[in-house]
Every structure is written in C-alpha cells, then in structure tokens.
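K.L.:
Quick one: sequence plus predicted model below, questions after.
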Amino acid sequence: MTALRELAKVIRSKNAGPHEITFDVMFTDEATFARVRDSGVLTPERLARLYRADVSHVRVCTFFAPALAFKLTLVRFGDQGGAGERDTFGAQQHAPLLDVEVP
C-alpha cells in the first residue's frame, strides 16, 4: 500500500463556484495513473465517506487519461462566503486525499 501523496505530483482543491469545490490529483506517468485508476480506491462512495458527504453530493468523480489526472467535484457544505464558511477559495480541503492508501 502506498499513500496517494506519494504517487501524485499534485493534489489540490479549489473553489468551483459558490456551491461546489473541486479536487485535482495529477500524476507524472501513465503507469502510476493506471495503478491508481485500476485500484478502485477513488470511487464516489468512498470519497463521499472521506469527506462526510452524501454520495448524491458527488458531482464529478472521474479519471481523465489525456491529462493523467483524476477530478472530484463535491457540493460545498455551505455556500462560498456564507456564515461560518472557513475556506472561501477551497484551497485547504484536499488534505483527506493525501492519506488514501493505494494497493
């Protein structure tokens, strides 16, 4: 098992509008991209649990081979800039992905 942070070149999150946040995981080579894709660990169900969200809040969960990347988009827990919102740019939300174990 290897932590996703050791396999990916970039793991980031960012604002995707007032109601969504998006995550990008980018790899440097096809073999690593294929290893993660084929492992089945990045599924809507697992990522919803990881982010304590309902699976219906997963808007995008896909691998994109031309960019050697994975994309996840979730409904935000609160509106961007709303009361109690702590990360308007969504730039601090990727941390749970770092420790996802990949066989």
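P.N.:
Sure thing, it's come through. These figures come from a predicted structure and were not determined experimentally.
K.L.:
Can you show me the strands along this protein?
P.N.:
2-3, 10-15, 20-26, 58-64, 69-75, 101-102 (DSSP state E).
K.L.:
Arg52 is nearest to which of those?
P.N.:
strand 69-75 (10.4 Å; C-beta to C-beta). All C-beta atoms are positioned from the backbone trio N, CA, C, and that covers glycine.
K.L.:
export the longest helix along the chain as CSV, just CAs?
P.N.:
The longest helix of the chain (DSSP state H) is helix 30-39. Extracted C-alpha coordinates of helix 30-39, given in CSV (Å, rounded to 0.1, in the frame of the first residue of the first chain):
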residue,chain,number,x,y,z
GLU,A,30,0.9,6.6,-17.3
ALA,A,31,1.9,3.6,-15.1
THR,A,32,1.1,5.4,-11.9
PHE,A,33,-2.1,6.9,-13.3
ALA,A,34,-3.2,3.4,-14.3
ARG,A,35,-2.3,1.9,-11.0
VAL,A,36,-4.5,4.4,-9.1
ARG,A,37,-7.3,4.3,-11.7
ASP,A,38,-7.3,0.5,-11.7
SER,A,39,-7.1,0.1,-7.9
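K.L.:
Report the mean per-residue pLDDT for it.
P.N.:
Mean pLDDT, computed over helix 30-39, is 98.
K.L.:
Same check on stretch 13-21?
P.N.:
In this model, stretch 13-21 carries a mean pLDDT of 89.
K.L.:
Buried residues, it. List them.
P.N.:
For stretch 13-21, burial by neighbour count (16 or more other C-beta atoms under 10 Å) applies to Ser13, Asn15, Ala16, Glu20, Ile21.
K.L.:
Quickly check these for the two that are furthest apart.
P.N.:
Between all members of the buried residues of stretch 13-21, the farthest pair (by C-beta to C-beta) comes out as Ser13 and Glu20, at 10.9 Å.
K.L.:
which one among the buried residues of stretch 13-21 gets closest to Gly40?
P.N.:
Once C-beta to C-beta is applied, the member of these that ends up nearest Gly40 is Ser13, at 22.0 Å.
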